[in-house]
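K.L.:
Sharing a model prediction with you, sequence too.
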Amino acid sequence: MTDLVPTHDWQPLGQDKDGSYTYYRKVEVYQMKWTVDIGECMVAAAPYGGPIAVARDPKKLVKATSTQKPMIRTYTSSGVLISQFPQRDAIIHSMSWTSEELLVILFTHGLVCIYDMHGEKQLEDSLGAQSNVLQASYYPDGVVVLLEENTLRHITFEDRKLSVIVFPDLGCTTAPYTIQCRPLGEFQDSSMLQVYMSPHENDSAKGTLFMLNKLEKVDLNTPFQHVLKVAINPKGNLVATFNSNGKVNVSTANMQKNISEFNTRSREPPNQLLWCGNDVVVCCFLPEQIQTDKPNNTKSLVLIIGPGTDHDKYTYEGPVHAVCEGDCMRIVSNMRCDIVERVPVSTTQIFGLGSLEPSASLMDAYRDYEMENASSVNSLRELKAEQLTDAVTGCIDAAGHEWDTNVQTKLLKAAAYGKCFCRGYESDAFVDRCKALRVLNAVRDPAVGIPLTLTQYEDLSHIVLIDRLISRRLHFLAYRVSTYLDCKTEKVLVHWACSKVQAIARMKTNNKVADDELVRAIQEKFQLCPGISYRDVAETAFRLNKKNLAIQLLEKEPKVSDQVTLLIGMGLSEMALVKALDSGDTDQVYYVLLTMKKGQTDDELIATLHNNPAARDLFLTYCEHQDKKLLKKYYVTMQLHHQIAFHALRAYFNETDFANKLRLLAEARDNFSKRNDRKQEVDMMNEQDKLLAKQNVYAQNKKDPRFNQGFSVAATLRLLIFHKDFKEADSLAKELNVPLKMYHWIKLKALCKYQLWAELESFGKARKNPIGFAPFVEECIKAGQSFEAKKYVHKVEDYAARCEAYCDLSMFEDAIKTAEHEGDTGVLEAIRTRTTDAQHRQLIETAIRKIG
């Protein structure tokens, strides 16, 4: 099958545990579409097939082609220009990409700028150092910087915020050869970022390699000569070093075990030392670093070093830039983009020379089937059921790791052919692999330029891939991938709409027709996803000074809360209030009102509320409990005199100071008097004023401050009775028109409460008694004075009430006699329910017979 997949460029680099060779291959992915000379530029490429940033290298002399500022350009992996933007007036030290594909640019004077791939600035901050940058070692979300003063700074970019951690003093007198950070990983035994540091040979520090973190510095005691370059494999468990004697050593992370050593015979360190996967080390030598007999050498060398002495090399015309991709390596040159990767085991089993594996037999059988050769079935019959299942699985796996769509198709067809002979074979893996390959082939297209491997795709996840398509503004492809993989499309549509708004904002025109057309276009697309929010799009429009467009978009927003929040942020509080009122959601109305209260003057707020009765009522209810001062100001402004009066009365009843009570009462009376329909309230205020004056006199005369505590008329009368000033109590009741019956009740209760029994007896002899003597008996009993109650029980006019009183006082014989005298058997029956005494019951029976 080598005619389908060429194997002549497979290079064995090491062996597996079973003794079989491990092969590596180079696959040309793209012919670059740019006209960039890498040799004149500083290059930074993002992993996972990410974009490539190119900037002028300040260390190289380049012929000037224009007087404009140097430009920073971003390209896809296929060399398609994404964007270009002018460089700052500063010297770039280095560039890298974060895990979110944001471009980090570090300037020599310590400034850090972060851009997205379209050149829009996301962050700008300084390291806070006074010296220039010498070296920098990047990892996905941070960088370790070596300054001229030989100090290390650890900078992180998490959550798009810059944070700086200062490492302790390195103890170096000369700048180290190299630094290399080791991010946190499964093989790291520390919770802190670790940094490898190789001191200069002229430095006073002893040792060739140190491990540092923010707390300590440890000498690793390596037996190597001076280490010039350090590279850590993606897993973090192996470290490759290029030493001053030209040898590349691979050791464990703690340098306790040297695994392999390879002599490159080069005294000059490579331009790049990195890993291809987790087992192979790569040295990239630029043309000027290669010693040849030919003058003006223009070829670069990429040296692939496997375990032991196994190695391979590739030459390129012109300089190259390599990117460690975790499971492989991407090589970018002026002319093309290549992938160097380990040949999967499933591929070697199928296409390996003379392979007798079941998957190879299945592939041969399918080829015979395509040629309409009946012997294809015989080949499959020789395989056992388990072997055939493994063969199908192997073909599916191999298809996922191939770059050529023709090879993918052949392998998948062979797997489908083999499935027909497997009983009960689950097709989920086959379907999932077909879906994955369709997505991968779409993003690998040169127009898109994301050369992902299957392993990277599975590690990245389809969700992140969709996000990266969105960030590249490939909205149509992102939408197609989302729908194909049954993912939500809201994010794609919203980002597309925001991009459209940004595009129309860049035109710097206020064309209402263009805004209307854009709103219609967005609405048409958003109909594909019912319930989608317009808020982010409207917020983008407002941020770009397209206020009218933002308002139009917010009219389409289905969530009132989002409408209200953004309208308030836009300074359109009155419009937000209308939206909140229309929704009927009181929480939203209160949210708008409280926001307006914070942002407006009281007069502005009152003017707004005047035209919104529903909002006004809610706000006044709030003010009654939370802001009485503002409530009164509203009443005064709107000249609501009766409300001002009621407000003063509420304050009056909560006031304890006598002078303030008088003031509040006068305020209430004055405001009531300004309305013709409030004469009754004015009279009440006058009477209350009289009461206050009397209470003040009583407080002074009787030296009892309780009179000034705002008591009611009844309480004042009770307090006068407590002081035995019955004459004054009678006078006050008459002056304030207290009804006689009510006054008798007040006086009766007070006399019983204060145990004034002699006075009570005198009170009971009064000529007028509108309440009768039943209350006298009742109140005496409540006071626990049965003896006093017996003085009044015989005076109770109603015989039934008198009998009830007799029973309350346990005077059952008197009760029976009274009922018998009145001839009321019903009362007698009621008395019988009140007593258990046999003699009493006998008297009741006798009385009933007499009556009956």
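P.N.:
Now that the structure is in, tell me what you want to look at.
K.L.:
count of neighbours near the nearest residue to T389 once chain neighbours are set aside?
P.N.:
Of all residues not flanking T389 in the chain, C422 sits nearest, at 5.5 Å (CB to CB, 6 or more residues apart in numbering). Glycine gets a C-beta too; all of them are placed from N, C-alpha and C. For C422, the neighbour count with other CB atoms under 10 Å is 17.
K.L.:
and what of the one 4 residues further on?
P.N.:
For E426, the neighbour count with other CB under 10 Å is 10.
K.L.:
Numbering from 28 from now on, please.
P.N.:
Happy to do that; since the first residue is 28 now, the last one works out to E453.
K.L.:
Spell out, range by range, the helices that occur in the stretch 278-427 of the chain.
P.N.:
372-378, 385-397, 402-408, 412-427 (DSSP state H, counting those that start in this stretch).
K.L.:
Where among those helices is average confidence lowest?
P.N.:
Among those, helix 402-408 has the lowest mean pLDDT, at a mean of 74.
K.L.:
Give me the helices and strands touching that helix, please.
P.N.:
helix 385-397 (3 or more CB pairs under 8 Å, 6 or more residues apart in numbering; DSSP states H and E).
K.L.:
Measure how far the helix it packs on is from the centre of its chain, please.
P.N.:
53 Å (CA atoms, centre = their mean, to the nearest Å).
K.L.:
swap in stretch 280-295?
P.N.:
With CA atoms, centre = their mean, you get 46 Å for stretch 280-295.
K.L.:
Please report how far A756 lies from L763.
P.N.:
Distance, A756 to L763, by CB to CB, to the nearest Å: 11 Å.
K.L.:
so what pLDDT did A91 get?
P.N.:
Reported pLDDT for A91: 65.
K.L.:
can you pull out the helices in the stretch 728-877 of the chain?
P.N.:
So, for the stretch 728-877 of the chain - with DSSP H, counting those that start in this stretch - the helices run 740-749, 753-762, 767-780, 784-791, 801-809, 813-820, 826-835, 839-849, 852-859, 865-878.
K.L.:
Run the angle between the last one and helix 839-849 for me.
P.N.:
What that stands for is helix 865-878. In terms of direction (axes from the mean of the first three to the mean of the last three CA atoms, to 10 degrees), helix 865-878 departs from helix 839-849 by 0 degrees.
K.L.:
And for the fifth one?
P.N.:
Angle of helix 801-809 versus helix 839-849, following the same axes, to 10 degrees, is 160 degrees.
K.L.:
who touches the host helix or strand of L576?
P.N.:
Secondary structure assignment for L576, by DSSP states H and E: helix 574-581. With contact meaning CB atoms under 8 Å, 6 or more residues apart in numbering, helix 574-581 is reached by 528, 531, 537, 539, 542-543, 545-546, 549, 561-562, 564-566, 568-569, 590, 593-594, 597, 599, 602.
K.L.:
again, 6 Å this time
P.N.:
542, 546, 561, 564-565, 568-569, 590 (CB atoms under 6 Å, 6 or more residues apart in numbering).
K.L.:
before we move on, what about stretch 604-612?
P.N.:
With CB under 6 Å, 6+ apart, stretch 604-612 has contacts from 587, 590-591, 615-616, 619, 641-642.
K.L.:
and with 8 Å instead?
P.N.:
For stretch 604-612, using CB under 8 Å, 6+ apart, the contacting residues are 587-588, 590-591, 594, 615-616, 618-620, 623, 635, 639, 641-642.
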